[in-house]
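[1] Generate coordinates for the sequence data below:
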Amino acid sequence: MSPGSYAAAQLEQAFDLLKDCLIDVDHTAFNWTPSGTCNSIAKTYAHVAISVDFFVHRVMLGGQMRWPLVAAEADLPSNPL
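    Numbering: from 1, shown residues only. From the prediction side, this is the model:
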């Protein structure tokens, strides 16, 4: 198995697990902000997506991240930090 195929399989398994964890989560729960320094599920999910974007597009492919384009279209912060 090539390193690229292995990475793709690992990402697919990780996203399947994430999808399973969110099956019964509604919009209100997804966006609820807990007290203190905890993040909402939505912000944590965005962090996962940005991290994968960085790993795949910048590290593995040596290209540009897709997040800035998605952020602009969805009126989200363009800086993932």
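[2] Longest helix of this structure, counting residues only.
    As assigned by DSSP state H, the longest helix anywhere in the chain is helix 3-21.
[3] Alpha carbons only: can I get the very next helix or strand once past it in PDB?
    Next in sequence after helix 3-21, counting helices and strands by DSSP states H and E, comes helix 27-31. Coordinates of each C-alpha in helix 27-31 appear next as PDB, following Å, rounded to 0.1, in the frame of the first residue of the first chain:
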ATOM      1  CA  HIS A  27     -28.400  22.200  15.000                       C
ATOM      2  CA  THR A  28     -28.900  23.600  18.500                       C
ATOM      3  CA  ALA A  29     -26.600  21.100  20.100                       C
ATOM      4  CA  PHE A  30     -24.000  21.400  17.300                       C
ATOM      5  CA  ASN A  31     -23.800  25.200  17.800                       C
END
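[4] Quick check: buried residues in whichever helix or strand comes after helix 27-31?
    Later in the chain than helix 27-31, the nearest helix or strand by DSSP H and E is helix 41-53. Of the residues in helix 41-53, those with enough neighbours to count as buried (16 or more other C-beta atoms under 10 Å) are Ile41, Tyr45, Ala46, Ala49, Ile50, Asp53. The C-beta positions use only the backbone N, C-alpha and C, and glycine is treated the same way.
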